[in-house]
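> need coordinates for the below:
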Amino acid sequence: MTKIAVTGAAGRMGGRIITLATESDSLQVTGAVERTGHPRIGEDAGLVAGCGALDVAITDSLEQALEGADLLIDFTFPQVTLENAEVCARVGRGMVIGSTGFRPEEREQLARITAGIPVVFAPNMSVGVNVCFKILKDIARTLGDGWDVEIVELHHNKKKDAPSGTAVRMGEVVADALGRDYNKVANCHREGMCGERAPEEIGMQTVRGGDIVGEHTVYFIGMGERIELTHRAMSRDMFARGAVRAAAWLKGKPAGMYDMQAVLGLD
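Alright, predicted model coming up:
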């Protein structure tokens with residue numbers, strides 16, 4: 001049995017993770033965290049999540065939440081995740097990280113902080129999205145150069161980062177497969193007389209509106225033909241399911257940074 005603590009326990013994602021964890025035979029929720037001053041602090045995490053009493057009070061102390069836990073499931077924001085990682089590294093607890101919007105230097109900082117603990121870090125915890133990563137690698141390697149690559153992502157109007165972490169990872173996967181440096185070939189902005197499209201660039205287009213959970217399409221555009229790979233998220237449960245699966249997989253693993261490809265055996 002893997003014992004877990006969950007950040008954002010009173011939020012939508014935290015609540016779904018807690019609920020799905022209670023339905024798992026391999027997980028037990030022993031800690032729940034919210035930001036200081038949150039009105040639900042002190043309440044039972046299970047009742048707040050809507051899955052029944054768990055006798056686990058929501059706290060604003062991560063150290064307290066981790067006392068009986070093996071690992072932390074963290075869906076917050078990069079700076080908060082880095083702070084939480086410092087605590088987990090200090091007390092020797094693993095992490096499953098689903099936060100997005102990390103800059104390259106923040107990813108490097110996270111890797112340094114967590115070098116001594118096991119971590120699953122993925123821009124998207126969805127099983128389906130991670131299967132898409134595998135397919136994209138195969139498509140790009142097979143097609144090679146000569147095909148233009150464009151990535152379009154759609155999300156709700158409250159999303160703060162752009163392009164999405166999933167879109168960036170898709171771009172990285174394709175770039176790696178083609179022997180390119182994503183940070184040099186990604187083009188996130190076209191306007192005015194911007195000139196012809198460079199053959200090696202990967203276009204990154206962002207759409208925001210309404211309550212779209214998440215949609216990503218990668219276009220491989222050749223002469224006279226086009227391949228499109230699309231993943232659509234219908235609910236946030238897919239992220240929570242992936243996080244729960246990653247938490248069950250992580251227990252007992254040696255220190256290191258893993259991704260969902262490793263969790264799913266897709267490496």
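
> residues in contact with the top helix by length along the chain?
Using DSSP state H to define each element, the chain has its longest helix at helix 127-143. For helix 127-143, contacts defined as C-beta atoms under 8 Å, 6 or more residues apart in numbering pick out 122, 124, 149, 166, 169-170, 173-174, 176-178, 216, 218, 220, 222, 227, 229, 231, 238, 241-242, 245, 260-261, 264, 266. Using the backbone N, CA and C atoms, a C-beta is placed for each residue, glycine as well.

> quick check: next helix or strand after that helix?
The helix or strand immediately downstream of helix 127-143 is strand 148-155, counting by DSSP states H and E.

> what lines up beside that next one in the sheet?
Using DSSP bridges, strand 148-155 pairs in its sheet with strand 202-208 (parallel), strand 214-221 (antiparallel).

> for residue 188, give me its contacts.
So residue 188 contacts 162, 163, 204, 206 (C-beta under 8 Å, 6+ apart).

> now do 10 Å
151, 162, 163, 167, 168, 171, 202, 203, 204, 205, 206 (C-beta atoms under 10 Å, 6 or more residues apart in numbering).

> only the buried residues of the longest helix of the chain, if you could.
127, 129, 130, 132, 133, 136, 137, 139, 140, 143 (16 or more other C-beta atoms under 10 Å).

> just want the angle from it to strand 148-155.
170 degrees (axes from the mean of the first three to the mean of the last three C-alpha atoms, to 10 degrees).

> neighbours around residue 77, how many?
16 (other C-beta atoms under 10 Å).

> same question for residue 239.
22.

> pretty sure it sits against residue 99.
No: assessed by C-beta atoms under 10 Å, residue 239 is found out of contact with residue 99, at 11.1 Å.

> can you list residues touching both of those two?
By C-beta under 10 Å, 6+ apart, the residues touching both residue 239 and residue 99 are 75, 122.

> show me what contacts residue 198?
Taking C-beta under 10 Å, 6+ apart, one finds 148, 185, 187 in contact with residue 198.

> try it again with 8 Å
Residue 198 neighbours (C-beta under 8 Å, 6+ apart): 185, 187.

> so it is in which element?
Counting by DSSP H and E, residue 198 is found in no helix or strand.

> would you mind measuring from it to residue 84?
40 Å (C-beta to C-beta, to the nearest Å).

> same check on residue 35?
11 Å.

> those two: which is more packed in?
residue 84 (23 against 13).

> which residue is the nearest non-sequential neighbour of residue 68?
residue 30 (4.2 Å; C-beta to C-beta, 6 or more residues apart in numbering).

> what does residue 111 give?
residue 257 is the one closest to residue 111 (C-beta to C-beta, 6+ apart), at 5.8 Å.

> do you know how far that neighbour is from residue 119?
From residue 257 to residue 119 the distance is 5 Å (C-beta to C-beta).

> what's the answer for residue 43, then?
From residue 43 to residue 119 the distance is 29 Å (C-beta to C-beta).

> compare those two (neighbour count), which wins?
Remark: of residue 43 and residue 119, residue 119 carries more neighbours, 27 against 17, as counted by other C-beta under 10 Å.

> quick one on the thing from earlier: which of the contacts of residue 188 sits closest to residue 70?
residue 168 (29.8 Å; C-beta to C-beta).

> number of nearby residues for the closest one?
23.

> that's a strand at the residue nearest to residue 111, yeah?
Yes: under DSSP: H, G, I helix; E, B strand; the rest coil, residue 257 sits within a strand.
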